[in-house]
Each structure stands twice: as C-alpha cells, then as structure tokens.
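Undergrad: Quick one: sequence plus predicted model below, questions after.
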Amino acid sequence: MKRLFRQHLRFAPKIRHECSNVQPFFRQRAQSNERQVVTGIPFAKMNGIGNEIVVLDLRDSDLKVSPEAARAIAATPGAHFDQLMVLYPARTPGSDAAMTIFNIDGSESEACGNGTRCVAMRLFEEGAKDRLVLETRAGLLPVRKTDDGQFTVGMGKPKFGWQDIPLAEPFHDTRYIELQIGPIDAPILHSPSVANIGNPHAIFWVDDVEAYDLARFGPLLENHPIFPERANISLAQVLSPDHIRVKVWERGAGLTKACGSAACAVAVSAARTKRTGRKVLVSLPGGDLFIEWRDDDQILMTGPAELEHIGELPAETFEDTAAA
Ligand SMILES: N[C@H](CCC[C@H](N)C(=O)O)C(=O)O
C-alpha cells in the first residue's frame with residue numbers, strides 16, 4: 001500500500017498537466033490549495049479510425065500491466081478498449097518509448113497500427129519533435145506527423161514465410177494457402193493469403209465484404225489449427241487498383257471498426273497477388289488508411305488519431321502487479 005501511495009504522488013504532476021484543458025474534475029482538484037493525494041492512474045481513451053485504444057503511460061512508474069490487469073482495465077467505465085497500449089521507458093538508444101500491446105482478452109500483440117498512431121499523438125503533444133521512434137516486440141517503428149495532422153508509421157517489412165506467419169505446416173507459396181470454411185447455408189471462404197506484420201494475418205479475397213457473416217466465421221478462423229498463434233482475419237474486396245475495402249475480425253478482440261496492421265497485411269498481399277499497385281487506400285468500417293509498400297520493402301501506414309477523454313484507473317487495478 002505504501003508503495004502504491006508513493007506512485008500516486010509521482011503521477012500527480014501529469015494529471016494536473018492533462019486536466020488543464022480536459023476534465024473539470026481534475027481541474028477543480030488541481031486548483032485547490034489543499035494537499036491532495038491522487039488516487040488513480042491516468043489513462044487516455046483514444047481511437048484510430050474507430051479502433052478503440054487506451055494509452056497508459058507508465059514511463060515514470062514502477063507499475064507493470066499483467067494480462068489480468070489489462071482485462072480489469074477494459075472493464076473500467078470509460079476505459080473500454082480493443083487494444084491497450086502501455087508505455088514503458090525506452091530500452092533501445094534512439095527510441096522514445098517502449099510499448100506493450102494488449103488485446104481486450106488479455107493476450108499480447110506484437111503490433112498495433114492504429115494504437116501506434118494514438119501513442120504518437122500523445123508523445124508529439126509533449127514536445128516540439130516532428131519524429132519519434134517507438135519500440136515494440138516487432139521492432140522499432142518510426143513515426144512522423146503529416147502536414148494535415150495525421151501520422152505516418154513505418155510498420156516494418158512484411159514476412160511471408162510459413163514459419164514466420166506462423167503456420168502449423170509448410171506452405172511454399174503463402175500468396176494462397178489451402179483453407180476453406182463455410183457451412184452449406186452461407187458462401188464459402190477459401191484460399192486466403194497470409195502475411196506477418198509483426199503479428200499474424202490471413203486475408204480472404206471476396207467480391208463483397210458484406211456478403212459474409214464475419215462474426216460467425218471469425219472465431220473459427222482466428223482459432224483454426226493452421227494458425228498456432230491464432231490470426232487476425234480480414235475480408236478484402238478490391239474496388240480498384242488503388243482502393244480496397246476491408247472488414248476485420250481481430251485476434252483477441254473480435255470485430256473492430258479498423259485494424260492498421262490488417263490494412264498493411266491486405267495491402268502487401270494485394271500487391272503480391274497482382275490485384276493492386278503498391279500504394280492503396282484501405283477503407284475500413286471506421287475510416288480510411290493510406291498504405292504504401294515501398295520498394296525497399298518497408299510499409300508506411302498513414303491515418304489519423306483522436307483523443308476522446310482522459311480518465312483515471314483505480315489503484316486496485318494494479319495492486320497485484322506493482323513491481324517488487
Ligand atoms: N488493431 C490493431 C491490431 C491489433 C492486433 C491484434 N488483434 C493481434 O495481433 O492480436 C491495429 O491497428 O493494427
């Protein structure tokens with residue numbers, strides 16, 4: 001308890017900084033002359049084209065987030081998320097922060113494109129920098145702000161080897177793998193392309209993304225034995241050589257309004273199967289992302305981020321997870 005108390009005090013200046021223009025509750029407290037004990041840990045509820053993101057900045061803290069704590073945070077009013085982005089101090093020279101990414105089911109992901117733009121938005125607000133480098137389990141991701149207030153993330157190089165996806169058995173050509181699913185009363189999904197953008201993705205090419213009940217097929221495909229680490233499942237409809245419509249069932253999160261890494265996986269797979277060029281607009285239910293697969297193999301993802309509100313998490317959320 002003593003330790004938690006100390007940590008709360010260390011969070012106080014940040015809360016005061018944030019409350020100046022966001023939450024009346026915090027503002028009132030900051031203006032008071034009484035000695036205050038801050039009882040919660042601040043978080044930012046954000047979204048990247050509708051993909052629900054919570055950013056939790058633990059760079060000045062000894063706290064760690066466990067899978068149980070991540071699930072508890074998701075159940076906290078105002079803190080619901082598809083992905084939780086936890087910031088820790090940078091470990092690699094030249095990087096600005098390290099990120100751990102949780103899905104709502106408490107599982108960890110190696111990559112989250114929409115969440116990375118949200119984190120970047122928060123960090124750009126701290127200083128005059130126009131470039132950042134964020135550390136993830138999938139490597140270092142450079143981010144820059146665009147002239148129109150969006151964010152471009154270098155999502156790294158895609159991997160296509162069957163062991164890299166990973167798949168449970170060898171496939172030499174991962175542009176299409178043998179997989180078919182669909183009961184007799186619904187159209188069949190088959191022959192997905194697969195790609196790894198730090199995290200595993202399967203893409204089913206369809207004529208109309210609305211013709212399939214992804215909520216019904218998603219869980220079966222996500223957990224199919226061919227994907228030993230499960231997979232994010234996309235339906236992709238090519239509208240033109242530079243425009244693709246996509247719906248996503250996310251590993252560990254289910255149907256979401258958007259998934260940045262899925263947009264990247266779809267874009268590189270579309271170019272790889274000669275459906276499109278290497279620069280495409282990907283339209284998801286929550287909005288659009290622009291994806292460029294450069295000749296040097298790097299994927300660039302550009303899109304917006306939005307702050308919804310600042311809140312605070314009860315200290316008990318972390319009680320079992322404070323670093324010893
Ligand atoms: N929504 C995220 C991806 C989360 C991926 C996660 N569902 C997993 O790989 O387990 C995005 O914008 O890239």
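TA: Arrived safely.

Undergrad: what pairs with Asn103 across the strands?
TA: Counting by DSSP bridges, Asn103 forms beta bridges with Gln83.

Undergrad: Check the burial of it by counting its neighbours.
TA: 24 (other Cβ atoms under 10 Å). Glycine gets a C-beta too; all of them are placed from N, C-alpha and C.

Undergrad: what about the helices in the stretch 201-324 of the chain?
TA: Assigned by DSSP state H, counting those that start in this stretch, the stretch 201-324 of the chain shows helices spanning 214-222, 260-272.

Undergrad: Tell me how far the residue positioned nearest the centre of the chain lies from Val282.
TA: The centroid of the chain falls nearest to Cys112 when counting by Cα atoms, centre = their mean (2.7 Å). To Val282, Cys112 is 16 Å away according to Cβ to Cβ, to the nearest Å.

Undergrad: follow-up on the earlier one: for the helices of the stretch 201-324 of the chain, give me JSON lines that also has mean neighbour count and distance to Ala231.
TA: As requested, those are exported to JSON lines (neighbours: other Cβ atoms under 10 Å; distance: least, Cβ to Cβ, whole Å):
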{"stretch": "helix 214-222", "mean neighbour count": "17", "distance to Ala231": "6"}
{"stretch": "helix 260-272", "mean neighbour count": "28", "distance to Ala231": "10"}
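
Undergrad: between those helices, which gets the lowest average pLDDT?
TA: Mean pLDDT is lowest for helix 214-222 out of the helices of the stretch 201-324 of the chain, coming in at a mean of 94.

Undergrad: before we move on, back to that, what residues does the residue nearest to the centre of the chain make contact with?
TA: Applying Cβ atoms under 8 Å, 6 or more residues apart in numbering to Cys112 gives the contacts 53, 83, 85, 101, 199, 260-261.

Undergrad: could you dump the helices of the stretch 201-324 of the chain to TSV with distance to the ligand?
TA: Shown next, in TSV, are the helices of the stretch 201-324 of the chain (distance: least, Cβ to the nearest ligand atom, whole Å):
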stretch	distance to the ligand
helix 214-222	9
helix 260-272	3
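
Undergrad: Kindly reformat the ones you listed as TSV containing distance to Pro42.
TA: Output for the helices of the stretch 201-324 of the chain, formatted as TSV (distance: least, Cβ to Cβ, whole Å):
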stretch	distance to Pro42
helix 214-222	33
helix 260-272	24
